[in-house]
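Asks: Following is a predicted model, sequence given first.
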Amino acid sequence: MKELAVFGGSPAVPAAMVQTWPPLTQEDRDAVLAVFDSNILHGTSAPNALALQKEFADWLGVKYCLVTNSGTSALHMAVASLGIGPGDEVIVPAFTYWSTAAAVLHHNAIPVFVDIEPGTWCIDPAAIEAKISSHTKAILPVHIHGMAANLGPILAIAKKHGLYVIGDACQAHGATCDGRKVGSIEDTCGFSTNRSKNLSSGEGGLFVTNNEEAYRVAGMLREFGEVVVKGKDREYNAYGLGWMYRSHEFVNAFCRSQLRHLDANNAGRKEMAAYLTAELANIPGLKGPVTPPNREPVYFSYIVEFRPQELGLDVPMDKYKAAVQRALGAEGIGLGQWQHVPVPAQSVFQDMEGYGKGCPWSCPFYGRKITYRGDDYPVTIAFIAEHAYLAAVHPPNTVDLMQRYVEGFKKVLGQPKALTKLIEQMG
């Protein structure tokens, strides 16, 4: 067996072989440079803004789309456009990027957390009803890691209790549930086009809905509460409290170009993920992700589970995980994660200062006591402890890189004694 790179051996993956996301083409450059020639650099009625909205709506299969300057602003619009506000509660998963909950707080509403379902790591439909109160106005499932939440039972619960369903599809452009793309199923939904996302523009977002009134309200929220109509003089009257969530024409043009390649890029992610999952099924010590039969993910992140027991190692999970990550990292295989505690355990929810003086929780319009305990979400805690994300499972990388990854997995996990030595060295 070859010596592990962490102990001086040669890495399984050459550093130059790993390519970054997103793939950039001359078409992308030409699209952005054309904005200079147009001399139209911004505005909700700018040509690339309008074209992107139509093209994304058509691609997704919804009536309305508004381009925004971030996924968080799109989510805020998705919440606020449904009339959710002071004193209202929105149910969100305990595992998500915290901007999901921030979008609720941004409109003076209260996030109420529930645990996630094992295997998919999306919100657990079976945990939702216990958290519904007279204040609840919506459920906000997150299609995390490119995996669609199980929307069928969520929609049934929402219908039973008269609630909205708001989608967070910031990591899930093209993921499907029961054969339908997420974002086309919920009442409103937000997507991110941050550089890391399946549809990338560097930074940006997309609000979508089939609800005409939500579309109208979101349009005002996006631009200072005004109604701006193409071809008419600006009224300069704020009909409500709005924000400045406009996107830029350079970003819009880049996003339009990337959208033309989204399906092909998603197909590449799926091909690489399928190969890895099949190979990891035969490599003790790590396991790939699970895909339910009614859902098709797009693998924003490729998740691996750490399984020391399969190697006969009786060591704490955190020590095994850290050693495997270090050993694989030395082989040129990156593994990491972006969240280390459940969202309700983060300081913003533990301190509950909010906008100051404890608002919105302490404001008179709410009227009930709520507390957040990070240890109330055992599945979330277990996921964080036992999983990490494998880097570069995306184009322009190909299965060739994944084959090198598999060589590295076999090399590291095939030497339990070397891992034990590393664990002892790391202390």
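Replies: Nice, I can see it.

Asks: quick one: average pLDDT of the longest helix along the chain?
Replies: Longest helix of the chain, by residue count under DSSP state H: helix 262-280. Average pLDDT, helix 262-280: 98.

Asks: Now the most centrally placed residue in the chain. Nearest residue, chain neighbours left out?
Replies: Most central in the chain under C-alpha atoms, centre = their mean is residue 171, positioned 3.2 Å from the mean C-alpha point. Closest residue to residue 171 apart from its sequence neighbours, by C-beta to C-beta, 6 or more residues apart in numbering: residue 300 at 3.9 Å. From N, CA and C alone the C-beta is placed, and that goes for glycine too.

Asks: would that neighbour count as being in a helix?
Replies: No - read with DSSP: H, G, I helix; E, B strand; the rest coil, residue 300 is coil and lies in no helix.

Asks: hang on, the earlier thing: packing partners of the longest helix of the chain?
Replies: The helices and strands touching helix 262-280, judged by 3 or more C-beta pairs under 8 Å, 6 or more residues apart in numbering; DSSP states H and E, are strand 302-306, helix 399-413.

Asks: Figure out which of those is closest to residue 136.
Replies: strand 302-306 (30.0 Å; C-beta to C-beta).

Asks: Quick one: the strands in the chain, in order.
Replies: 64-68, 89-93, 110-114, 136-139, 164-168, 176-177, 180-181, 188-192, 205-209, 286-287, 295-296, 302-306, 335-336, 387-390 (DSSP state E).

Asks: On the pLDDT front, check residue 357 for me.
Replies: 87.

Asks: Tell me which residues touch it, please.
Replies: With contact set as C-beta atoms under 8 Å, 6 or more residues apart in numbering, residue 357 has no partners.

Asks: shaky segments in the stretch 51-200 of the chain?
Replies: For the stretch 51-200 of the chain, no stretch has pLDDT under 70.

Asks: for stretch 332-348, how far is the first residue from the last?
Replies: 36 Å (C-alpha to C-alpha, to the nearest Å).

Asks: residues of it that come out buried?
Replies: Buried residues in stretch 332-348, counted by 16 or more other C-beta atoms under 10 Å: 332-335, 341-346, 348.

Asks: Next up, the contacts around the residue nearest to residue 171.
Replies: Here residue 300 is in contact with 145-146, 171-172, 196-198 (criterion: C-beta under 8 Å, 6+ apart).

Asks: What's the separation between residue 157 and residue 295?
Replies: 18 Å (C-beta to C-beta, to the nearest Å).

Asks: scratch that, residue 33 is what I was asking about
Replies: On the measure of C-beta to C-beta, residue 33 and residue 295 end up 39 Å apart.

Asks: Ok, residue 83 next?
Replies: 30 Å.

Asks: So those two - more neighbours on which side?
Replies: Using other C-beta atoms under 10 Å as the criterion, residue 83 and residue 295 rank with residue 295 on top: 20 against 14.

Asks: pretty sure the more buried one contacts residue 147?
Replies: Yes - here residue 295 reaches residue 147: they are 6.5 Å apart, a contact under C-beta atoms under 8 Å.

Asks: Domain map for the chain?
Replies: For the chain, the structural domains run 26-260, 262-338+382-426, going by automatic domain parsing.

Asks: among those domains, which is nearest residue 374?
Replies: domain 26-260 (8.3 Å).

Asks: end-to-end on that closest one?
Replies: End residues of domain 26-260 are separated by 13 Å (C-alpha to C-alpha).

Asks: What separation is there between the residue nearest to the centre of the chain and residue 193?
Replies: On the measure of C-beta to C-beta, residue 171 and residue 193 end up 11 Å apart.

Asks: again with residue 205
Replies: For residue 205, the distance to residue 193 - C-beta to C-beta - is 6 Å.

Asks: Let me know which of the strands of the chain is tucked in deepest.
Replies: Comparing the strands of the chain by mean neighbour count (mean count of other C-beta atoms under 10 Å), strand 188-192 comes out on top with a mean of 31.

Asks: And the helices in the protein?
Replies: According to DSSP H, the helices that the chain contains are 26-38, 47-60, 71-80, 99-105, 151-161, 212-222, 249-259, 262-280, 317-330, 347-351, 378-386, 399-413, 416-426.

Asks: Appreciated, that's everything.
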